[in-house]
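[1] return a 3D structure for these sequence lines:
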Amino acid sequence: MDLIDDLGAAVGRAQVLTGEDMARYARDWMGRYEGAPAAVVRPGSTDEVAACVRVAAKHGLPVVPISGNTGLVGGTMTNGGVMISLERMNRIRAVKRDARLVVAEAGVILTRLHDAAEAEGLYFPLWFGARGSAMLGGVLATNAGGSNVLRYGSTRALCLGLEVVLADGRVLNLMSELHKDNSGYDLKNLFIGAEGTLGIITAAVVKLVPAPKAHATATVAVRSLTDALTLLNRMQEATGGRVEAFEFMPRTYSERLKVARPDLGLPFDHIPEVTILIEAATTVTTEATPDDTGEVPFTRILETVLAEMMEAGLVTDAVLARNTQQRRAMWARREAAAEISVGLHPEVDTDVSVPLDKVETFLAESLKRLEALDPGLKSLTVAHLGDGNLHFTAYPTSADKALKDRVLEIVEDVVAELGGSFSAEHGVGLSKLTSMARRKDPVALEVMRALKAALDAEGRMNPGKVIPA
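    A predicted model of the protein is given here:
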């Protein structure tokens, strides 16, 4: 009770949760990890976060930050640690239209950032399915990606400044609004992607961009992934690099979608081997203003490229979104990915990236080796093809741990041979510790451990995550 009393003194007893009140924090949303925190505390300010960290230090307990709890790798699991929820730190401190940035606290949900930016005619271009629950602190801690990485980069590329509470309770003020600052080490980027193992992100300065005035969106059937990359490159040339999303849904994905979400429909009367969702956007008024026929000029660019590729036999079918409703229907099919994969067991899910021109090789080689290992194994893939990130899930014929481990190793082998990464956008957490031990450069691991020891000498900040023992 001394711990509870001390935390209550720091934030108010009503903001310290115990017993059954901790249930929704202790279990991840996929149901893969369930912990037992000593307490869940909900500070309302940076000073209160710092006070909670000092209380945990006094009692010799680990500190585990949690934001929207939408992670997939067990990054918030703890047994006996003090879980610090950032949900009450949900203030947007400033939206600066002329500077095109927003200053916000870690507990701000992404959709609120989208709404705040839209009110100023701007756009926060971090976009993915969990945007209605994911919070800024969490996406920074995992360096989240999403569908718009192709044009705008991942979370790291969108961040100008950070505020971080360190392991000893000090507050590190890196809340720069500068686009250029060459004054020593780039400390900000140490904490982005560190998953709370070096400190707790409490606020950030992030970039905004002009809001699109029109989108050109289509669902396209192509002969192969090689032809899909030809489509991407031609659209990039035709639009001056304004393709925002280029999503790949193979036959296995479409077949599962048809069964799990028949209400969403399919774009074609047949299921192609390769289906692509492509979207570009313009902020140019003349390109976004409908002409006398009602057609948006920017959409005509995509239409022209698709017509040329159909004539050449590279594109076999295409459906253009002619209105907002049709565009949303196309995105609903893509954003159902997590939903349609839930309930299929046993599973080995991966989040890998390979060079763009190696995606087809990765899929062919992985499936060849996996089918040789386990005849009857199934797979489900969806990919951010424009940046080489694949969510490749294998469903072996048995839940035997040794078999599942071998499946994961085979995927990692292929990724390594192609110069890729076993972790693209979901983080490492607990799930990928064995992969880190097997695949990460040993010198890189040594440097990471040295940084961890320098900033968290007692090893209390989200211990057991990211860096293998």
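
[2] could you tell me the end-to-end distance of stretch 369-389?
    20 Å (Cα to Cα, to the nearest Å).

[3] buried residues of that stretch, list them for me.
    Residues 369-370, 374, 377-389 are the ones in stretch 369-389 that count as buried (16 or more other Cβ atoms under 10 Å). Bear in mind the C-beta positions are built from the backbone N, C-alpha and C, glycine included.

[4] which members of these are the farthest-apart pair?
    The span of the buried residues of stretch 369-389, defined through Cβ to Cβ, is set by Asp374 and Gly386 at 31.0 Å.

[5] before we move on, back to that, and of the buried residues of stretch 369-389, the nearest to Asp292?
    Nearest to Asp292 among the buried residues of stretch 369-389: Gly386, at 33.7 Å, using Cβ to Cβ.

[6] help me confirm that the closest one is found in a helix?
    Yes: judged by DSSP: H, G, I helix; E, B strand; the rest coil, Gly386 forms part of a helix.

[7] pull out the buried residues from stretch 104-115.
    In stretch 104-115, counting by 16+ other Cβ under 10 Å, buried: Ala104, Glu105, Ala106, Gly107, Val108, Ile109, Leu110, Arg112, Leu113, His114.

[8] out of the residues you listed, which is nearest to Glu412?
    Looking across those and measuring by Cβ to Cβ, the closest to Glu412 is Leu110, at 30.5 Å.

[9] so what's the residue count around the nearest residue to that closest one once chain neighbours are set aside?
    Closest residue to Leu110 apart from its sequence neighbours, by Cβ to Cβ, 6 or more residues apart in numbering: Arg131 at 4.1 Å. Residues lying near Arg131 (other Cβ atoms under 10 Å) number 21.

[10] also Ala157?
    13.

[11] how about Asp292?
    Asp292 has 5 nearby residues by other Cβ under 10 Å.

[12] isn't the residue nearest to Leu110 right up against Asp115?
    No: using Cβ atoms under 8 Å, Arg131 makes no contact with Asp115, being 10.9 Å away.

[13] distance of the residue nearest to Leu110 relative to Pro346?
    For Arg131, the distance to Pro346 (Cβ to Cβ, to the nearest Å) stands at 30 Å.

[14] pLDDT weak spots in the protein?
    Judged by pLDDT under 70, the chain has its weakly predicted residues at 1.

[15] so what are the domain limits for it?
    Domain assignment for the chain, taken from automatic domain parsing, gives 2-85, 92-210, 214-338, 344-426.

[16] strands of the stretch 251-400 of the chain, start to end?
    With DSSP state E, counting those that start in this stretch as the criterion, the stretch 251-400 of the chain has strands at 274-282, 315-320, 348-349, 352-353, 378-384, 389-395.

[17] SS state for Val64?
    Assignment for Val64 (three-state DSSP): strand.

[18] and the residue most central in space within the chain, how far from Ala36?
    For the chain, Ala144 is the residue whose C-alpha lies nearest the centre (Cα atoms, centre = their mean; 3.3 Å). Per Cβ to Cβ, Ala144 is found 27 Å from Ala36.

[19] ok, Val165 - contacts?
    Contacts for Val165 (Cβ atoms under 8 Å, 6 or more residues apart in numbering) come out as Thr46, Val49, Ala50, Val53, Val171, Leu172, Gly199, Ile200, Thr202.

[20] over to Ile276?
    So Ile276 contacts Thr219, Val220, Ala221, Val222, Ala228, Leu231, Phe246, Glu247, Phe248, Met249, Leu385 (Cβ under 8 Å, 6+ apart).

[21] and stretch 15-34, end to end?
    Stretch 15-34: ends 21 Å apart by Cα to Cα.

[22] turn the buried residues of stretch 104-115 into CSV, including distance to Met83 and secondary structure.
    As requested, those are exported to CSV (distance: Cβ to Cβ, whole Å; DSSP: H, G, I helix; E, B strand; the rest coil):
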residue, distance to Met83, secondary structure
Ala104, 22, strand
Glu105, 18, strand
Ala106, 14, coil
Gly107, 14, coil
Val108, 19, coil
Ile109, 19, strand
Leu110, 21, helix
Arg112, 23, helix
Leu113, 24, helix
His114, 27, helix
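
[23] reformat those residues as a markdown table; add distance to Trp29.
    Output for those, formatted as a markdown table (distance: Cβ to Cβ, whole Å):
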| residue | distance to Trp29 |
| --- | --- |
| Ala104 | 23 |
| Glu105 | 22 |
| Ala106 | 18 |
| Gly107 | 17 |
| Val108 | 19 |
| Ile109 | 14 |
| Leu110 | 15 |
| Arg112 | 19 |
| Leu113 | 20 |
| His114 | 21 |
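
[24] before we move on, the earlier item: next, format the contacts of Ile276 as a markdown table and append secondary structure and distance to Leu122.
    Output for these, formatted as a markdown table (DSSP: H, G, I helix; E, B strand; the rest coil; distance: Cβ to Cβ, whole Å):
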| residue | secondary structure | distance to Leu122 |
| --- | --- | --- |
| Thr219 | strand | 28 |
| Val220 | strand | 30 |
| Ala221 | strand | 35 |
| Val222 | strand | 34 |
| Ala228 | helix | 31 |
| Leu231 | helix | 29 |
| Phe246 | strand | 23 |
| Glu247 | strand | 24 |
| Phe248 | strand | 29 |
| Met249 | strand | 30 |
| Leu385 | helix | 27 |
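
[25] show the buried residues in those residues.
    Buried among the contacts of Ile276 (16+ other Cβ under 10 Å): Thr219, Val220, Ala221, Val222, Ala228, Leu231, Phe246, Glu247, Phe248, Met249, Leu385.

[26] what's the closest of those residues to Met330?
    Closest approach to Met330 among the buried ones among the contacts of Ile276 (Cβ to Cβ): Thr219, at 5.3 Å.

[27] for that closest one, which non-adjacent residue is closest in space?
    Pro267 is the one closest to Thr219 (Cβ to Cβ, 6+ apart), at 4.2 Å.

[28] for the closest residue to Ala211 other than its chain neighbours, name its beta-bridge partners.
    Spatial nearest neighbour of Ala211, excluding adjacent residues (Cβ to Cβ, 6+ apart): Tyr123 at 4.3 Å. Following DSSP bridges, Tyr123 is listed with bridge partners Val209.

[29] neighbours around Tyr123, how many?
    Neighbours of Tyr123 (other Cβ under 10 Å): 21.

[30] follow-up on the earlier one: can you add distance to Ala457 and give the domains of the chain back as TSV?
    Below are these laid out as TSV (distance: least, Cβ to Cβ, whole Å):
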stretch	distance to Ala457
domain 2-85	11
domain 92-210	7
domain 214-338	38
domain 344-426	26
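
[31] among those domains, which is nearest Ile467?
    Among those, domain 92-210 comes nearest to Ile467, with 6.9 Å by Cβ to Cβ.

[32] quick one: distance of the closest one to the chain centre.
    Computed by Cα atoms, centre = their mean, to the nearest Å, the chain-centroid distance of domain 92-210 equals 13 Å.

[33] then stretch 3-11?
    34 Å.

[34] with stretch 427-434 instead?
    15 Å.

[35] go through that stretch and flag the buried ones.
    So stretch 427-434, judged by 16+ other Cβ under 10 Å, has buried residues Gly427, Val428, Gly429, Leu430, Ser431, Lys432, Leu433.
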